[in-house]
Structures are given as C-alpha cells and as structure tokens.
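Participant: What shape does this take:
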Amino acid sequence: MHFPEIIVIHDDWTDNTPIIVELREIYGDTNVRFIKESQKGIDYMMSAQTRKTIVLLDYNFKSGEPSGGEVFKKIRERSSLIYVIIVTKSQPKDIRSWDFIEFVNNHALAIANPGDGYTEIIQLVDMARHKLDMRVDVILEEWISDKPVSERDSPYLKIFGAKQYSLNEILDNIRHETDIGKEIEKNILDLAISLVMEKFKR
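Facilitator: Residues are numbered from 1 along each chain as shown. Predicted coordinates:
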C-alpha cells in the first residue's frame, strides 16, 4: 500500500505530541513530516516533490508568522489536489469570514477541533487518504509525476486539434482545474468506464 505524505504544520505541537506519534505509527515515520513554523511549511510545500499529500494545518499561528489562511492560499497555488484539514480550537463562528469562504470554495476537507482528543483527526486523515486513492485526477498526477523529467517536458498530447501540451503542462492544468484539465479528466474517465464495462460484458 502506498501511503500519502502527511504534513503537519502546527506551532503548538511537537514531535512528541500524541497525534504526531499516532500518525507515524499508522502511516510510517518517513510519511509524516512535522513543521512547527508556518513560513517553513509554505517553503516546504512550494519545493516538495509531487506526491499524494494530506496537510494538517493549524489555523492560529503566533504573531509574525503567516496565518493558516495564508498558508492555505499558498498550498492552493501549488495544487488543487492536496487535501487540507484545518486544525483549530476555535469555533467556526470565530474563523474570519474571508478565511472560511476561502476554505469552503477551495476544498478544505474539514475543520477539526482537537479539544476532545485526536480520534476525529485520525478519522479525517483516513477519509482523505481514501478519497486520494479514488480520485482520477490524483491517479493521473501520480502517473505523470513518475515519468522521466525529459519526457514530461516534451510535447505529448494535442488537445482540441490545436496546441500540443507537454505532460508538465497537462499536470499544471489538472492541478489548477482549468477547462483543459477538466476535459482531460472527463475523457480519461469516459474511456475507463467504457473499458471496464466492455471487460465485464464478456
């Protein structure tokens, strides 16, 4: 089983916080990365190698650090395929309205409150992992990312009978959910359904 990378960005936790320990027991030490400072979280997310990713993101950071809302925006600039779980002790009504709208419109998976323990967070991480395993766009992103760099930069696919796109350009369109990215996903899904139905018909 290929586990996603789980990135925890939270300034009130440590490597020994029970949720970090439990995540590493479930998903393995190498798949869980803990980052205490939000700016370092942004830097890592902007430079990290592409793979299936779940982010546990604190909402309230100390003064002088980028807020959880700012980190979330930066993550979404990188990819729309990263699942983000907002972790906060604040009630939804205490979250700034523009941040809440940003979370909803850009697919934050959930807002978790660890006040009653970490069971809910573990369940949300497991739900996110399952969703990542089932999404066509994520599977396609993984397939493209596994190709050699030289192959990803070369013209690969002609779309709408006009411009040729490299795999990297296709990947960028998928990540940012452009019309071209959505069209590619739809065509792949249509083809997959046809092939599966044809196989079972026999």
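
Participant: for the protein, longest helix please?
Facilitator: helix 179-201 (DSSP state H).

Participant: At which residues are the strands of this protein located?
Facilitator: Taking DSSP state E as the criterion, the chain carries its strands at 5-9, 32-35, 53-58, 83-87, 108-112, 155-158, 164-166.

Participant: In a markdown table, list those along with mean pLDDT, mean neighbour count and distance to M45.
Facilitator: Using the backbone N, CA and C atoms, a C-beta is placed for each residue, glycine as well. As requested, these are exported to a markdown table (pLDDT from 0 to 100; neighbours: other C-beta atoms under 10 Å; distance: least, C-beta to C-beta, whole Å):
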| stretch | mean pLDDT | mean neighbour count | distance to M45 |
| --- | --- | --- | --- |
| strand 5-9 | 94 | 24 | 7 |
| strand 32-35 | 96 | 20 | 9 |
| strand 53-58 | 90 | 25 | 8 |
| strand 83-87 | 84 | 24 | 10 |
| strand 108-112 | 60 | 19 | 15 |
| strand 155-158 | 78 | 12 | 26 |
| strand 164-166 | 85 | 15 | 23 |
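
Participant: which stretch among the ones you listed comes nearest E142?
Facilitator: Closest to E142 of the strands of the chain is strand 53-58 (C-beta to C-beta; 11.1 Å).

Participant: what angle separates that closest one from strand 83-87?
Facilitator: 20 degrees (axes from the mean of the first three to the mean of the last three C-alpha atoms, to 10 degrees).

Participant: Restrict strand 53-58 to CA atoms and write it as PDB.
Facilitator: Output in PDB follows, covering the C-alpha atoms of strand 53-58 (Å, rounded to 0.1, in the frame of the first residue of the first chain):
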ATOM      1  CA  THR A  53      -0.400  14.800   0.200                       C
ATOM      2  CA  ILE A  54      -2.600  15.400   3.200                       C
ATOM      3  CA  VAL A  55      -1.900  18.600   5.200                       C
ATOM      4  CA  LEU A  56      -3.000  19.100   8.800                       C
ATOM      5  CA  LEU A  57      -2.900  22.900   9.100                       C
ATOM      6  CA  ASP A  58      -3.100  24.900  12.300                       C
END
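
Participant: which helices and strands sit right next to it?
Facilitator: Applying 3 or more C-beta pairs under 8 Å, 6 or more residues apart in numbering; DSSP states H and E, one finds that strand 53-58 contacts strand 5-9, helix 38-47, helix 68-78, strand 83-87, helix 119-134.

Participant: May I have the strands that pair with the first one, each with its orientation?
Facilitator: Looking at strand 5-9 with DSSP bridges, its partner strands are strand 32-35 (parallel), strand 53-58 (parallel).

Participant: what about that strand, distance to the chain center?
Facilitator: In terms of C-alpha atoms, centre = their mean, to the nearest Å, the centre of strand 5-9 is found 10 Å from the chain centre.

Participant: could you give the angle of that strand to helix 68-78?
Facilitator: Using the same axes, to 10 degrees: strand 5-9 against helix 68-78 is 150 degrees.

Participant: re the thing from before, go through the strands of the chain and name the closest to V136.
Facilitator: Closest approach to V136 among these is made by strand 83-87 (15.2 Å; C-beta to C-beta).

Participant: Please state the offset of the closest one from the chain centre?
Facilitator: 9 Å.
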